[in-house]
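Q: Predicted model and sequence below, questions to follow.
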Amino acid sequence: MKEEQTLGITAKKDEDFSEWYTQVIVKSELVDYTSVSGCFAFRPYGYAIWEKIVAEVDMRLKKMGVQNVYFPLFIPEKLFKKEAEHVAGFAPEVAWVTHGGDTKLDERLAVRPTSETIMYESYAKWIRSWRDLPIKYNQWNNVVRWEFRHPTPLIRTREFLWNEGHSAFASRQEAEQEIKDIMALWKEITENYLAVSGLAGKKSEAEKFAGAEASYSIEFLLPNGRTAQGPDAHFDGQGFAKAFGIRFLNEEGKHEYAWQNTYAITTRMIGIMAMIHGDDRGLVLPPNIAPVQIVIVPIVFDKGSKEILAAAKKLQTQLSSSRTKLDDRDEITPGRKFNEWELKGVPLRIEIGPKDLAKNQAVIVRRDTKEKKAVKISSIAREAEKTLADMQQQLLKKSEKFLNSSIAVATGIKGIMEAVKGKKIGKAIFCGSKKCEEKVKETEAKSLCITAGKQGKCIVCGKPGQTAYFGKSY
RNA sequence: GGGGCUAUGGUGCAGCUUGGCUAACAUUUCUGGUUUGGGACCAGACGACCCCGGUUCAAAUCCGGGUAGCCCCA
């Protein structure tokens, strides 16, 4: 290996995590910096991963009867301020449009930090009778939250991409059922596609979504000991319905307020995945989410290169059930290609050269374990499929192991503090009240989520509580 | 919120202390040739001082402001 590497990763994941992370996501061409602080460009490779997440989530939402819509980017100030808790939660980080050209606007427009207010104004118009319900709408869009804390690409950004699902139901039960369905969907996407294991549960009073009655999320531990909230689902109760007048006539001819939910998954998940799976050579992408699952690198010589290229092309055809790329560039050497594709995290590499051709085989190399294996060409498709499936599983298992070995049981605030200092998640019984949360927040930790698990006495106040997780959050 | 550091071709960097000739080196990219089982070699070419202002005969270099990035502490 040479000293001056401009292509590869020079920082070690264990030694300088933030430098490592920046190099991985920039050099693998997922994203890049722009001249706007906290706002990043998605490059084709990174955007392809997002498109895959969108496709999988969207398909499943549609199966649940959700329809896609689109609402304005701008929200008039008065409308934005209609629901008190909601405003209080978001106001500090709203970006405002004050002028059109040189003309000052009569009313400021908020750049949406989330779309409850602008959407629910319309919901109030559209919902009249119990026959109009349920409404299950979703939009894929961008939102802006003007953070002042240090941005981290993909993880904490001022603008990000997400979906926002907004439902309205005639009954509490239906709304609560949808929350369960959505949380199951988030579990499936994060585990079976992104291969990351997280902690699912309910947010505490202090940490729940502004305006919601209850919030649920999946929380992830990152290799630097910090945690990040993944996808979430909020049971809004009738709070927004009352603020925005979302009423309907029930079957008895009486007015009732709708029961509502909101839910989201964001581009942050790509950052979480990159941090958890990546290694000192670069990204490691789970096969189910990888834009390229298999890259074929022909080991080409001047003489006989035609035969090898032909064999490589044939391989590509055999492997067409996977997302397969043939790297037939002739201006760089195979070794260079190996490094490039490893940096980009492509799950499988298949090498085919003269020695292989003579033996009627090819060499399969796994990105996660770096394991090499010579396989007969006749059985390559089966072997590749098997290896991809295995890698997908192993990555999730590895992530589960990392999470489970990083949970420390705490019997007091001190224990939580120690857990967080040791780059772990503290597990303790917690009542979830704002008062107790404040005491915990005097340390660096905050509550991540509360599970429906073990009952007991809150480690802060001694009142009845449940198992909760604590960490130092992004 | 407080403190510190940094910004020079696509990338990584030298030069800045003590202002001065054509801004060095490596890599990338392009052209040609030789090569190719883990970041190939030779030759040639393209390509940069973050922005605004100040000091000066002269600014990458000194001063002020801005923007962007990073680190540490709360």
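A: Structure received. Numbering: from 1, shown residues only, chains lettered A, B, ... in the order given.

Q: where's the residue in the stretch 101-250 of chain A positioned nearest to RNA strand B, which helix or strand?
A: When distances are taken as Cβ to the nearest atom of the strand, the stretch 101-250 of chain A reaches nearest to RNA strand B at A:Phe148, 4.5 Å away. Any C-beta I mention is one placed from the backbone N, CA and C, and that applies to glycine too. Under the criterion DSSP states H and E, no helix or strand holds A:Phe148.

Q: hang on, A:Gly253 is in a strand, isn't it?
A: No. Membership of A:Gly253 in a strand is not supported by DSSP: H, G, I helix; E, B strand; the rest coil, which gives coil.

Q: Count the residues that sit near it.
A: Each residue near A:Gly253 was counted by other Cβ atoms under 10 Å, and the total is 8.

Q: That one and A:Asp132, how far apart?
A: If you measure A:Gly253 against A:Asp132 using Cβ to Cβ, to the nearest Å, the figure is 15 Å.

Q: ok, now A:Ile118?
A: According to Cβ to Cβ, A:Ile118 stands 19 Å off from A:Asp132.

Q: Might you report the residue contacts of A:Lys136?
A: Going by Cβ atoms under 8 Å, 6 or more residues apart in numbering, A:Lys136 touches A:Met64, A:Gly65, A:Val66, A:Gln67, A:Gly165, A:Ser167, A:Glu178.

Q: Could you identify which of these has the most neighbours?
A: Neighbour counts for the contacts of A:Lys136 were taken using other Cβ under 10 Å; the highest belongs to A:Ser167, which has 26 neighbours.

Q: Check which element follows the strand or helix carrying it along the chain.
A: Of the helices and strands defined by DSSP H and E, A:Ser167 is found in strand A:159-169. Moving toward the C-terminus from strand A:159-169, the first helix or strand encountered (DSSP H and E) is helix A:172-188.

Q: Can you pull out the residues in contact with that following helix?
A: Judged by Cβ under 8 Å, 6+ apart, the contacts made with helix A:172-188 from elsewhere in the structure are A:57, A:60-61, A:64, A:134, A:136, A:165, A:167, A:169, A:200, A:216, A:218, A:230-233, A:235-237, A:259-261, A:263, A:265.

Q: Taking their axis directions, it and strand A:159-169 sit at what angle?
A: Orientation note: helix A:172-188 sits at an angle of 150 degrees relative to strand A:159-169 (axes from the mean of the first three to the mean of the last three Cα atoms, to 10 degrees).

Q: Return the distance of helix A:172-188 from the chain's centre.
A: In terms of Cα atoms, centre = their mean, to the nearest Å, the centre of helix A:172-188 is found 18 Å from the chain centre.

Q: How about stretch A:281-291?
A: Going by Cα atoms, centre = their mean, where stretch A:281-291 is centred and where its chain is centred differ by 14 Å.

Q: swap in stretch A:24-43?
A: The chain centroid and the centroid of stretch A:24-43 are separated by 17 Å under Cα atoms, centre = their mean.

Q: Do it and RNA strand B come into contact?
A: Yes. Counting by Cβ under 7 Å from any atom of the strand, contacts between stretch A:24-43 and RNA strand B involve A:Tyr33, A:Ser35, A:Val36, A:Ser37, A:Gly38.

Q: Likewise for stretch A:158-172?
A: No. For stretch A:158-172 and RNA strand B, the contact criterion (Cβ under 7 Å from any atom of the strand) is not met; the two come no nearer than 8.9 Å.

Q: Leaving out sequence neighbours, find the closest residue to the residue of the stretch 351-474 of chain A found nearest RNA strand B.
A: Nearest residue of the stretch 351-474 of chain A to RNA strand B, counting by Cβ to the nearest atom of the strand: A:Gly353, 2.5 Å away. In space, not counting the residues next to it along the chain, A:Gly353 is nearest to A:Ile299; the distance is 2.9 Å by Cβ to Cβ, 6 or more residues apart in numbering.
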